[in-house]
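A.B. asks: Could you look at this predicted model? Sequence included:
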Amino acid sequence: MSPDSDRDGEARRPTRRFRTTDPDEREAGIANAALAVQRGELVVLPTDTVYGIGADAFDAEAVRRLLAAKGRGREMPPPVLVSAATTLDALAVGVPAYARTLVDELWPGPLTLVCRQQSSLQWDLGDTRGTVAVRMPDHAVALELLSRTGPLAVSSANRTGLAAATDADQAEEMLAESVTVILDDGPTPGALASTIVDVTGERGRVLRLGALGLERLNEILAPVGAEITDQG
């Protein structure tokens, strides 16, 4: 395959796919993905929910390419994935106690928290209105990649309007023209995206129900006297 061009007309490296279920390919795949991120390129990675398309969260141009690859605008900024719960405090301020209770119980896992972002962060994820959506995925390959790259802007691996990819074939079909590396770890455990909870207020509010239900969230919070409300 010869190099093609990205949306800016610049030469783009051919897409390479690595089977991370194969011990001989796993390290090479993660290393190549980390290098691609460092270069400002896009990668496809497996998570505990659906496959994601990722970019360096601190590379504004890479994030712009990510949004363009999905066919979405700045009004839909991507979440940020991290490799450790402690990174939350480097990205967010004023995280309430009830949110930390959820983190202690559910990270790593399919819970995304929308927090007030650190004002000192030098990044541009889109029109975030001073917030950042953060998640720590429960997937060994994703966590290993994140430990090497630092926080990644990651959105579901699909074109906007299409179903999120639950295997590498689907991701490649939709996004191969935009990404440099695809990490193929086989089918995802499920087809549901993460549950998103806004924790910028005194009481949490569900923005999107996904792999975690409202009942489970409130079961965890009941001992501390807190409650998450539904989207309405």
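C.D. replies: The structure has been received and is ready for your questions. Numbering: from 1, shown residues only.

A.B. asks: show me where the chain has helices.
C.D. replies: Using DSSP state H, the helices of the chain run over residues 23-38, 60-70, 88-91, 97-106, 140-149, 168-175, 214-221.

A.B. asks: Give the buried residues for the second one.
C.D. replies: Just to be clear, that refers to helix 60-70. Ala60, Ala62, Val63, Arg64, Arg65, Leu66, Leu67, Ala69, Lys70 (16 or more other Cβ atoms under 10 Å). Backbone N, C-alpha and C define where each C-beta goes, glycine included.

A.B. asks: and the helices of the chain as JSON lines, adding distance to Thr195?
C.D. replies: Shown next, in JSON lines, are these (distance: least, Cβ to Cβ, whole Å):
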{"stretch": "helix 23-38", "distance to Thr195": "26"}
{"stretch": "helix 60-70", "distance to Thr195": "20"}
{"stretch": "helix 88-91", "distance to Thr195": "17"}
{"stretch": "helix 97-106", "distance to Thr195": "9"}
{"stretch": "helix 140-149", "distance to Thr195": "17"}
{"stretch": "helix 168-175", "distance to Thr195": "22"}
{"stretch": "helix 214-221", "distance to Thr195": "7"}
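
A.B. asks: could you dump these to TSV with distance to Asp185 and mean pLDDT?
C.D. replies: TSV is the format used below for the helices of the chain (distance: least, Cβ to Cβ, whole Å; pLDDT from 0 to 100):
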stretch	distance to Asp185	mean pLDDT
helix 23-38	9	97
helix 60-70	20	97
helix 88-91	25	96
helix 97-106	22	98
helix 140-149	5	98
helix 168-175	8	98
helix 214-221	26	97
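
A.B. asks: Of all the ones you listed, which one is nearest Gly130?
C.D. replies: Counting by Cβ to Cβ, Gly130 lies closest to helix 88-91 out of the helices of the chain; the figure is 12.3 Å.

A.B. asks: Which secondary structure elements does the closest one sit against?
C.D. replies: When contacts are defined as 3 or more Cβ pairs under 8 Å, 6 or more residues apart in numbering; DSSP states H and E, helix 88-91 packs onto strand 111-117, strand 131-135.

A.B. asks: Name the residues of it that are buried.
C.D. replies: Leu88, Leu91.
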